[in-house]
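Peer 1: Sharing a model that was predicted from the sequence below.
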Amino acid sequence: MIAYIITSAIRHRGMVIILALVLAAWGIQSLRTTPIDAIPDLSDVQVIVKTTYAGQAPEVIENQITYPLTSALLAVPKATTVRGYSFFGDSYVYILFEDGTDPYWARSRVLEYLNQVSDDLPEGAKTVLGPDATGVGWVYQYALIDRTGQQDIADLTSLQNWFLKFELQNIEGVAEVATVGGMIKQYQVVIDPLKLRQFNLTFAEVRKAIQNGNREVGGSVIEMAEAEYMIRASGYIQSLDDIRMIPVRMGENGTALLVDHIATVSFGPQMRRGVTDLNGEGEAVGGIIVMRDGSNAMTVIAAVKDKLESLKPGLPKGVEVIEVYDRSSLIGRAIDSLSTKLIEEFLVVSLVCALFLLHLSSSLVIALSLPLGILCAYIIMGIQGINANIMSLGGIAIAIGAMVDAAIVMIESLHKKIEKTPLTPENRWQVVAEATREVGPVLFYSLMIITISFMPVFALEAQEGRLFKPLAFTKTYAMASAAMLSITLVPVLMGYLIRGNIRPEHKNPLNRGLIALYKPLLRLTLNFPKIAILLCLAVALSALYPARNLGSEFMPPLAEGDFLYMPNSFPGISIGKARQLLQQSNRMIMTVPEVLSTYGKAGRANTATDPAPLTMIETTVRLKPQSDWREGMTLDKIKQELDQAVQIPGLINVWVFPIQGRIDMLAT
């Protein structure tokens, strides 16, 4: 069968070249459009249900919202785990699903069960579904500041919520633009309890009166002069005086009892469960770009940056958008580093082949077939939806060395044939066919054996599977592509490219030197086979001791270039104290010369993907480019200096990388 394929490929060599060009074009397109990220997303398929019940204690939230929701959502099909968390004013329910579950199918099932339990929730509780994103979808963050002092923190929050947020949410791949920090301006009515008792009123009556005084009423239509006019009465509140003049009750003599008579009306901030700080200089409202699950991180971040740049002319004078976290720099460094290594490996393989074969056109066969095998792997990656990251590209890097084996052996086989039968225009393709048919089937099966060697990796599940399967997939695809090309394209390329004088193997000085070293060792091993086996066993057994004493880690740390400072403060901390600790720690961090900026938050952002309490501080520490570091500085030394610089009683320092920290939080 393999010999027949080789013969058919040589017979229809023109068609093989055309198909190879088509594959190359398809592969280049797949290479350009493949989503790029730093590492695989290790999060489970999950749906988040966030319920807001303003002003209620965690005990009330637990009993009236979290427990009924978790009880009902336990019955969702394919759900493996349902976790509920109750905080002041908010309830979070996380539904984790079986591996392979379509996330949008899971969201629709959760919505069905939410409809069944919605009537059991208390009045005033607002339930929303979290974004179709994961906890590691935080790919970009920015902060708003006004150096002129014309806009206060409430104005900047309104600018974020009613301008930037809506513009950025239209970008393809953005699941949510979450606001963090800031203040929302409220009309606040502070009722005097003595006045309530004096006028025999209840709190509910006052609230109902204010609700009725802030509405618009339609009055049907009237016909005048052969035209129809719609009637409406507009009563929306537009100022503090509008609230003060709302009547609560009419007295016996017709005098109205107004809100102003029993309460104080003023502007004030909405209750906050999160506060931010930029560089220790004070509060700065921010935005978090949450990427949709499965989107291209690089494309999304680039589109967000372009959109922010285009929106800058529309911002009030003096307002600046400051970038505080950008994952694209890490992705670029990771992919560029690995791509560089792939190119270096490719050049080394080509150079080694040229040195051993001493025939440049023969090495061109490898130089042309190897990139096509890699592009074929990209084609299958695109069809399957695997993004380009360290693990998936690492699988290709592992495969490169073995991908060229078949081509090298086939070229050597043809060289041996040419030594006995010189090539002529009449016998060229016949000699090529004979040389490749002799070794082709064995080479094909050997490559297929290597291809399936990673099959046990596909048995991994959960996070282990999500981490290592991309590597196994791409390595398998690359090897399978190399195996198919070795019996189709490689024989055709050999026929077209291998020409001129072929130097015999024994005339190559490099080969002669290596054979001179190899033969004595081979004879010694064959003369004393038992001793050779015992020596091999001893070497293998000697590895047992270090193997048992080696440490273990789920995945090696990825030097992301930025730090996440994540201490926990003491329980029950107030938002004022949390803000003080946040600003104090940021100022200490900024004393390290290598730090470019710090943007921290205490508490949670306005997103279902962030259920952090006020006791939890998260500060993103951006570092300057490595060229601007002091001589001899490393990431470990910077971390040590940061740890020494930040010394606050009650805070235990924790320094992690941003993506690593998010993954750990997802896992726990």
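Peer 2: Thanks, I have it.
Peer 1: Run a quick neighbour tally on the residue nearest to Arg249 when sequence neighbours are not counted.
Peer 2: Nearest non-adjacent residue to Arg249, counting by Cβ to Cβ, 6 or more residues apart in numbering: Leu257, 4.6 Å away. C-beta coordinates here come from the backbone N, C-alpha and C atoms, glycine included. The number of residues packed near Leu257 is 16, by other Cβ atoms under 10 Å.
Peer 1: ok, now how distant is the closest residue to Val592 other than its chain neighbours from Val595?
Peer 2: Closest residue to Val592 apart from its sequence neighbours, by Cβ to Cβ, 6+ apart: Glu641 at 5.2 Å. Separation of Glu641 from Val595 (Cβ to Cβ, to the nearest Å) stands at 9 Å.
Peer 1: if we can go back for a sec, now do the same contact list for the residue nearest to Arg249.
Peer 2: Phe199, Pro247, Val248, Arg249, Met250, Gly251 (Cβ atoms under 8 Å, 6 or more residues apart in numbering).
Peer 1: Help me confirm that it is found in a strand?
Peer 2: Yes - assessed by DSSP: H, G, I helix; E, B strand; the rest coil, Leu257 belongs to a strand.
Peer 1: begin at 13 from here
Peer 2: Sure thing, new numbering starts at 13, so read that last one as Leu269.
Peer 1: in the stretch 413-562 of the chain, which ranges drop under the pLDDT threshold?
Peer 2: Within the stretch 413-562 of the chain, the stretches with pLDDT under 70 are 512, 517.
Peer 1: OK, contacts around the closest residue in space to Val377 that isn't next to it in sequence?
Peer 2: Excluding the flanking residues, the one nearest Val377 by Cβ to Cβ, 6+ apart is Leu505, at 4.6 Å. Contacts for Leu505 (Cβ under 8 Å, 6+ apart) come out as Leu376, Val377, Leu380, Ser381.
Peer 1: Leu505 belongs to a helix, doesn't it?
Peer 2: Yes - counting by three-state DSSP, Leu505 is part of a helix.
Peer 1: you'd agree Cys257 is up against Leu270?
Peer 2: Wrong residue type there; residue 257 is Met, not Cys. Yes - in this structure Met257 lies within contact range of Leu270 using Cβ atoms under 8 Å: 5.9 Å.
Peer 1: what separates the residue nearest to Arg261 from Gly573, distance-wise?
Peer 2: Leu269 is 64 Å from Gly573, by Cβ to Cβ.
Peer 1: Same check on Phe466?
Peer 2: In this view, Phe466 and Gly573 are 31 Å apart by Cβ to Cβ.
Peer 1: Have a look at the protein and report its longest helix.
Peer 2: Scanning the chain for the helix with the most residues, using DSSP state H, yields helix 339-369.
Peer 1: Can you list the buried residues in that helix?
Peer 2: For helix 339-369, a neighbour-count test (16 or more other Cβ atoms under 10 Å) marks 339-340, 342-343, 346-347, 350, 354, 358, 361-362, 365-366, 368-369 as buried.
Peer 1: Could you check the pLDDT of the residue nearest to Arg261?
Peer 2: Reading off the confidence values, Leu269 has pLDDT 89.
Peer 1: The one 4 residues further on now?
Peer 2: His273 carries a pLDDT score of 89 in this model.
Peer 1: what about the nearest residue in space to it that is not next to it in sequence, how many residues close to it?
Peer 2: Among residues not flanking His273 along the chain, Lys207 sits closest, at 7.0 Å (Cβ to Cβ, 6+ apart). Residues near Lys207, counting by other Cβ under 10 Å, number 14.
Peer 1: Lys207: what's it in contact with?
Peer 2: Contacts of Lys207 by Cβ under 8 Å, 6+ apart are Leu213, His273, Ile274, Ala275.
Peer 1: Residues touching the helix or strand encompassing Gly413, excluding its own?
Peer 2: Taking DSSP states H and E as the definition, Gly413 sits inside helix 402-415. Identification of contacts with helix 402-415 by Cβ under 8 Å, 6+ apart yields 50-52, 346-347, 350-351, 353-354, 357-358, 361, 382, 385-386, 389, 393, 398, 459, 462, 479-480, 482-488, 490-491, 493-494, 570.
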